[in-house]
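fold the following for me, if possible:
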Amino acid sequence: MRAARRARRFALLTFLAIILVVALALSAFGGNSRPIDSLAVGNVIASAQTKPFPQIVALRGLVRIQMPIAQSQATAIGYHSSAENALALKPLGHQGNEGALQSVFHKIFGGGGGHPTWYQLDGGATSALDVGGVPGTSVYAPVDGTIVGLTPYIVAGHRFGSRIDIQPQSAPSLVVSVTQLRADPSLKVGVNVVSGATRIGAVADLAKIERQALARYTNDAGNHVSIELRPAATLVLN
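Numbers count the residues shown, from 1 in each chain. Just a heads-up that it's a prediction; the model follows:
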């Protein structure tokens, strides 16, 4: 019995050692040192696309966050923690900057694949979703719902675009907040929007006042639209 247990422990340690060696090899020799998202603009034909085709990029219960920018015009997708009490989102697709051990695990046991590619921008939760686009890029509603708030978006005491709050049709007790964009003049509180079809604004330029983490994975300053999800009661309290 003791010999059998020793043999099992030895086999387990050998297996873990192999995984560690493979992980180190992949991190040392695999891939580019600076990953560039596959969403980067570069296809002249695809650039004619104006509206995003239907693509769910994140989930939270019944809420399905749709791609808010045309895929051909999006530069990268990133997640980070929010300063406020936003709810964590479940990213769909593949994490482009996952750790070596996690990458090896997925290669051996599967999972962690698919589209789109996304990046973790900090070590916190995935409560804020950033979708990159050059300033002026059209932004479309990420969910079906109703506009319940249109307020200035303030950075360093100055207004940079608007915050648009949408009550999702699938979860009326929640609010989807979209920031870092200039709101479309036609928007008003009470207006219904359709995901991927209703233009709600354009990406604002915050590069001069804010160092944007998404820039590590794009070929530009990392401007983007940001999406967060929180309980509707939070909106009233704030």
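
make it CA atoms for all contacts and neighbour counts henceforth
Will do.

surely V134 is in contact with H224?
Yes. With contact defined as Cα atoms under 8 Å, V134 reaches H224; the gap is 7.3 Å.

now do the shared contacts for the two.
Taking Cα atoms under 8 Å, 6 or more residues apart in numbering as the criterion, V134 and H224 both touch V203.

neighbour count: these two, which is higher?
Shown here are V134 and H224; by other Cα atoms under 10 Å, H224 has more neighbours (33 against 20).

contact partners for that one?
If a contact means Cα under 8 Å, 6+ apart, then H224 has 130-135, 180, 203-204, 214 as its contacts.

looking at Q167 now. What's its pLDDT?
For Q167, the model assigns a pLDDT of 98.

typed the wrong thing, it's G114
81.

distance check, it against L62.
Separation of G114 from L62 (Cα to Cα, to the nearest Å) stands at 21 Å.

equivalent analysis for R216, please.
Distance from R216 to L62, by Cα to Cα: 32 Å.

who has more neighbours out of the two?
Per other Cα under 10 Å, whichever of R216 and L62 has more neighbours is R216, with 17 against 10.

and the more buried one, helix, strand or coil?
Put simply, R216 is helix when judged by DSSP: H, G, I helix; E, B strand; the rest coil.

that older thread, between the contacts of H224, which sits nearest P152?
Among the contacts of H224, Q180 lies closest to P152 (Cα to Cα), at 10.0 Å.

that closest one reaches E228, doesn't it?
No. Between Q180 and E228 there is no contact under Cα under 8 Å: 11.6 Å.

how about S177: what's its closest non-neighbour residue?
Nearest residue to S177, sequence neighbours excluded (Cα to Cα, 6 or more residues apart in numbering): D165, at 4.5 Å.

residues near that neighbour, how many?
By other Cα under 10 Å, the residues close to D165 number 25.

from here on, call the first residue 450.
Fine by me, first position is 450 from now on; the one you just mentioned is D614.
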